[in-house]
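Enquirer: how would this look folded up:
(chains A, B, C and D)
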Protein chains: 2
Amino acid sequence: MKLPVSTEWVLHCATTLAQLEPGDSASAAQLAAYYDLPGPYLTKQLKALVNAGVLTAATGPRGGFRLAHPAAEITLLRIVEAVDGAAPPYECREIRQAGKGALPAADCRETCVLAAKMAEAHQAWRSSLDAVSLADILGSLPATAPARTRSKLKG
Amino acid sequence: MKLPVSTEWVLHCATTLAQLEPGDSASAAQLAAYYDLPGPYLTKQLKALVNAGVLTAATGPRGGFRLAHPAAEITLLRIVEAVDGAAPPYECREIRQAGKGALPAADCRETCVLAAKMAEAHQAWRSSLDAVSLADILGSLPATAPARTRSKLKG
DNA sequence: GTAATGATACTCGGATAAATACTGTCCGAGTAACGAGGG
DNA sequence: CCCTCGTTACTCGGACAGTATTTATCCGAGTATCATTAC
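Expert: Predicted coordinates for the structure are as follows:
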């Protein structure tokens, strides 16, 4: 169970975008330089956030990416699932119905207990991430962070 | 974030082993036939459980695998982490210290807020799985299950 | 009848290929800004 | 001085290789069992 490395990229990039002044945006090239990341691949990931409705993208000069919603409405869960997909990590393939020990279909009306427990754990993970918004993250940064971020991003 | 397919295999196999009479064991070939799984590869995964201390393996005739501890002491977490590894899915590579926007080392004494939140979520997932033992799973099965399992496994 | 011994068959164990998904890269389509020119 | 228009340069967007992890497989080392044989 491993999250893509790009998860860290987009989490930090989203935090960065949340520090911009309203109406402003940052290009993929700027963000890539800011964090020393491969630009084109980062673009691909940010596009996934656009498809998920977390960011909006504008082309042309002074274009780039910005948050599609207020920072308080964007949770870490939405960002993570945008790049990694929302599919549960444990996929029940119903092996209890295969092989020599196959259970009759009548005994499988209820979902497999193991699958249910794994789904519960996944839900606990999701709830934990859904409880944290970008606004919460910004609140834990020093008050001087946004100005610094904007400055370094432009230069 | 995806768990190996073999996770389902070992969870079901462990549940099966927990239904055997004390002192009895099942071979990888028996378990593979019981669930219609690729035998050699299943062996490899069960071996991982042995290395993790969840199962014990005995060679020779009437050998095979059995639980290394009482079912009540084996949690789903130990089984899952045995096959998938215990490494957290989110790996912080400290990109905040790289690139044009690199933070000075003095500001990075505390762990990154994002990494901390991701670690919290992972811990929530682990706690959820650690709260369920094989005994709990057996308790939710019909009372006739163990006898049926033993019968079909031998045949 | 009992115990020791040798052969046997069954078990796990590690080293070896194929497949899938993540990672990284390139070039093209589209668009907003900018500057020049005319009114 | 203001508006229109053409150019420009910058942006995202999708199609194309490289690499690592997962999946699957094979054959060899080791051992408890079973039959045989001697006592």
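Enquirer: touching DNA strand D at all, stretch A:106-123?
Expert: No. Counting by CB under 7 Å from any atom of the strand, DNA strand D is not contacted by stretch A:106-123; separation bottoms out at 14.5 Å. (C-beta placed from N, C-alpha, C; glycine too.)
Enquirer: near chain B at all, that stretch?
Expert: Yes. Against chain B, stretch A:106-123 shows contacts by CB under 8 Å from any CB of the partner chain at A:107, A:113, A:114, A:115, A:117, A:118, A:120, A:121, A:122.
Enquirer: The third one: what's its closest spatial neighbour, skipping adjacent residues?
Expert: Distances taken as CB to CB, 6 or more residues apart in numbering or on different chains place residue B:11 nearest to residue A:114, at 4.9 Å, with adjacent residues excluded.
Enquirer: Could you do the last one as well?
Expert: When the adjacent residues along the chain are set aside, residue A:122 lies closest to residue A:88, with 5.0 Å between them (CB to CB, 6+ apart).
Enquirer: what about the one you found, neighbour count?
Expert: 18 (other CB atoms under 10 Å in any protein chain shown).
Enquirer: Tell me the secondary structure of it, please.
Expert: Assigned by DSSP: H, G, I helix; E, B strand; the rest coil, the conformation of residue A:88 is coil.
Enquirer: and which of the residues of stretch A:106-123 next to chain B is nearest to DNA strand D?
Expert: Using CB to the nearest atom of the strand, residue A:118 comes nearest to DNA strand D of the residues of stretch A:106-123 next to chain B, at 14.5 Å.
Enquirer: Spatially, what comes nearest to the closest one if we skip its sequence neighbours?
Expert: Among residues not flanking residue A:118 along the chain, residue A:90 sits closest, at 3.9 Å (CB to CB, 6+ apart).
Enquirer: Next, the buried residues of the longest helix anywhere in chain A.
Expert: Secondary structure assigned by DSSP state H gives helix A:113-130 as the longest helix of chain A. If you call a residue buried by 16 or more other CB atoms under 10 Å in any protein chain shown, then helix A:113-130 has these buried ones: A:113-115, A:117-119, A:121-122, A:124-126, A:128-130.
Enquirer: Against which helices or strands is that helix packed?
Expert: Helix A:113-130 is packed against helix A:76-84, helix B:6-17, helix B:76-84, helix B:113-130, helix B:134-139, with contacts defined by 3 or more CB pairs under 8 Å, 6 or more residues apart in numbering or on different chains; DSSP states H and E.
Enquirer: For those helices, give me TSV that also has distance to DNA strand C.
Expert: Listed next are the helices and strands packed on helix A:113-130 as TSV, based on distance: least, CB to the nearest atom of the strand, whole Å:
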stretch	distance to DNA strand C
helix A:76-84	7
helix B:6-17	11
helix B:76-84	13
helix B:113-130	15
helix B:134-139	19
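Enquirer: Could you dump the ones you listed into TSV and include mean pLDDT?
Expert: Output for the helices and strands packed on helix A:113-130, formatted as TSV (pLDDT from 0 to 100):
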stretch	mean pLDDT
helix A:76-84	97
helix B:6-17	97
helix B:76-84	97
helix B:113-130	98
helix B:134-139	98
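Enquirer: who wins for proximity to residue B:55 among those helices?
Expert: helix B:6-17 (7.1 Å; CB to CB).
Enquirer: neighbouring contacts of the closest one?
Expert: With contact meaning CB atoms under 8 Å, 6 or more residues apart in numbering or on different chains, helix B:6-17 is reached by A:90-93, A:95-96, A:101, A:114-115, A:118, B:25-26, B:31, B:34-35, B:37, B:41-42, B:45-46, B:48-49, B:54-55, B:65-67, B:74, B:76, B:79-80, B:82-84, B:134, B:137-138, B:149, B:153.
Enquirer: Going through those residues, which ones are buried?
Expert: Using 16+ other CB under 10 Å, the buried ones in the contacts of helix B:6-17 are A:90, A:92, A:95-96, A:101, A:114-115, A:118, B:25-26, B:31, B:34-35, B:37, B:42, B:45-46, B:48-49, B:54-55, B:65-67, B:74, B:76, B:79-80, B:82-84, B:134, B:137-138, B:149, B:153.
Enquirer: end-to-end on stretch A:103-112?
Expert: Terminal residues of stretch A:103-112 are spaced 11 Å apart (CA to CA, to the nearest Å).
Enquirer: which parts of that stretch are buried?
Expert: Within stretch A:103-112, the residues scored as buried using 16+ other CB under 10 Å are residue A:112.
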